[in-house]
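> any chance you could fold what I've pasted below:
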Amino acid sequence: MKPLSMGLLLAMTSTSVWANPLAQWEQGFSGDISLLTGFSNTKSQFNTDIESTPSLESSGESDTKALIAPLGAIQYTFASDKQIFIGTSRSDLALGRFHIEAGYRQRFEGNGMVSLSYVPGIIGTKTWEDPFLVNENRTETDTKIKGFRFQYKNILGSNFSMETSVGQQEIDSEKSGQKQNLSETEIASLDREGNIIYLEGAYRQPIAPGRLLRGALNYTRFDADGDAMSYDTYGAQLSIIQMLPSSSLALTFGYKNAQYEAENPVFDEKQKDDLWSVFLAYEYNEPFGWTDWGLVSLIGYNTTDSNINFYNEDTLMATVGINYKF
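Numbers count the residues shown, from 1 in each chain. Modelled structure (predicted):
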């Protein structure tokens, strides 16, 4: 697990959200519910299904597991320009970002939409209390991220959008490096709890009938309690969204470069990571003539190439499922 983990590709999608992000709202309740099944294959030292490791010089072993995930969102519209919501954002899921949030949206005629939301950290992930144990079973612990998020879509009526998020990563039991031959100062430098700032600017452009191109640049600052776990990440993302008569798909490529602040005392060097991702999301509308239903699928691959082999990771995930809109 990297210090900042926003959830790897556990997603369904509705690319129609991008085609018309400011579609007319209707007063009252609305939303969607989805059920996904699939599998993931992960090669990582932070795979909590493989309890021990024979060496800190390798990138871990592979493990395959089945997935089942209920997802959804609900919103209530007070008027044509005011809305409260809770759940998983469909456009976020199409980008491979998975979290539950609750908040308020406000539309401005001809000037876009702003939203302010709270991410309570309900959905956590598993990691190791001390990932650096060798030839003995490691103990799991929970980690979660919670914070606030501000978005402004279609700024002043343009195709530009921006996002600012601030949050905190918490680990229930942090014991990194405590059984290594390290000083108290070195152990403290491995503390993975800390504060997060995320910034993103995006541009969406129609390039052909029913086809959109979305590009984004992003920056993440993770100010960990331990200097060796603090880092700056610079990233870019490119998506192609294609709307078809009865279906839609989105192909997304991503790249990030992470530079860590201080030397990791376990490996005696600063960590540097290159993170690559690609995934394809697909939705088929009204299968078998079922109104308001859709079949959804996503196939994705993430890889992290680190200068420290211990932090190399590969994840392949595929899901299929069904979605109902109301």
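> going forward, measure contacts between C-alpha atoms and count neighbours the same way
Noted.
> correct me if wrong: Thr37 contacts Ala69.
Yes - at 6.5 Å, Thr37 and Ala69 qualify as touching, with contact defined as Cα atoms under 8 Å.
> tell me the phi and psi of the nearest residue to Gly31 once chain neighbours are set aside?
Closest residue to Gly31 apart from its sequence neighbours, by Cα to Cα, 6 or more residues apart in numbering: Ile74 at 4.2 Å. The phi/psi pair for Ile74 (degrees, to the nearest 10) reads phi -140, psi 140.
> number of residues surrounding Phe160?
Phe160 is flanked by 19 other residues according to other Cα atoms under 10 Å.
> please begin residue numbering at 845 from this point
Noted, 845 is the first residue going forward, which turns the last one into Phe1004.
> would you confirm that it contacts Lys997?
Yes - the criterion here is Cα under 8 Å, and Phe1004 meets it with Lys997 at 6.8 Å.
> still on that earlier bit, give the full set of residues in contact with the residue nearest to Gly875.
Contacts here follow Cα atoms under 8 Å, 6 or more residues apart in numbering; on that basis Ile918 touches Phe873, Ser874, Gly875, Asp876, Phe929, Ile930, Gly931.
> show me the contacts for Asp1117.
Asp1117 is in contact with Asn1101, Ala1102, Gln1103, Thr1148, Asp1149, Ser1150, Asn1151, counting by Cα under 8 Å, 6+ apart.
> wait, is Tyr1128 part of a helix?
No - applying DSSP: H, G, I helix; E, B strand; the rest coil, one finds Tyr1128 to be strand, outside a helix.
> mind checking pLDDT for it?
Model confidence at Tyr1128, given as pLDDT, is 93.
> any idea what it is bridged to?
With DSSP bridges as the criterion, Tyr1128 is bridged to Ser1091, Leu1139.
> let me see the ranges of the strands in the stretch 1045-1170 of the chain.
Listed in chain order, the strands of the stretch 1045-1170 of the chain (DSSP state E, counting those that start in this stretch) span 1055-1068, 1075-1087, 1091-1108, 1113-1129, 1137-1150, 1157-1169.
> and if you look at the stretch 895-1044 of the chain?
Using DSSP E, counting those that start in this stretch, strands in the stretch 895-1044 of the chain cover 905-923, 926-931, 945-952, 956-963, 969-972, 984-997, 1004-1015, 1038-1052.
> as CSV, those with distance to Val1122 and mean pLDDT would be great.
Compiled in CSV, the strands of the stretch 895-1044 of the chain are given as follows (distance: least, Cα to Cα, whole Å; pLDDT from 0 to 100):
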stretch, distance to Val1122, mean pLDDT
strand 905-923, 19, 87
strand 926-931, 25, 91
strand 945-952, 25, 92
strand 956-963, 25, 92
strand 969-972, 22, 89
strand 984-997, 24, 91
strand 1004-1015, 22, 93
strand 1038-1052, 18, 94
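> quick revisit: out of the strands of the stretch 1045-1170 of the chain, which gets nearest to Tyr948?
When the strands of the stretch 1045-1170 of the chain are compared for distance to Tyr948 using Cα to Cα, the nearest one is strand 1157-1169, at 20.2 Å.
> of the strands of the stretch 1045-1170 of the chain, which is nearest Gln950?
strand 1157-1169 (21.8 Å).
> partner strands of that closest one, parallel or antiparallel?
If you go by DSSP bridges, strand 1157-1169 pairs up with strand 872-888 (antiparallel), strand 1137-1150 (antiparallel).
> got TSV for those, with mean pLDDT, mean neighbour count and distance to Glu905 too?
As requested, these are arranged in TSV below (pLDDT from 0 to 100; neighbours: other Cα atoms under 10 Å; distance: least, Cα to Cα, whole Å):
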stretch	mean pLDDT	mean neighbour count	distance to Glu905
strand 872-888	90	17	5
strand 1137-1150	92	21	14
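> export the ones you listed as JSON lines, with columns for distance to Ile894.
JSON lines is the format used below for the strands paired with strand 1157-1169 (distance: least, Cα to Cα, whole Å):
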{"stretch": "strand 872-888", "distance to Ile894": "9"}
{"stretch": "strand 1137-1150", "distance to Ile894": "19"}
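> many thanks, have a good one.
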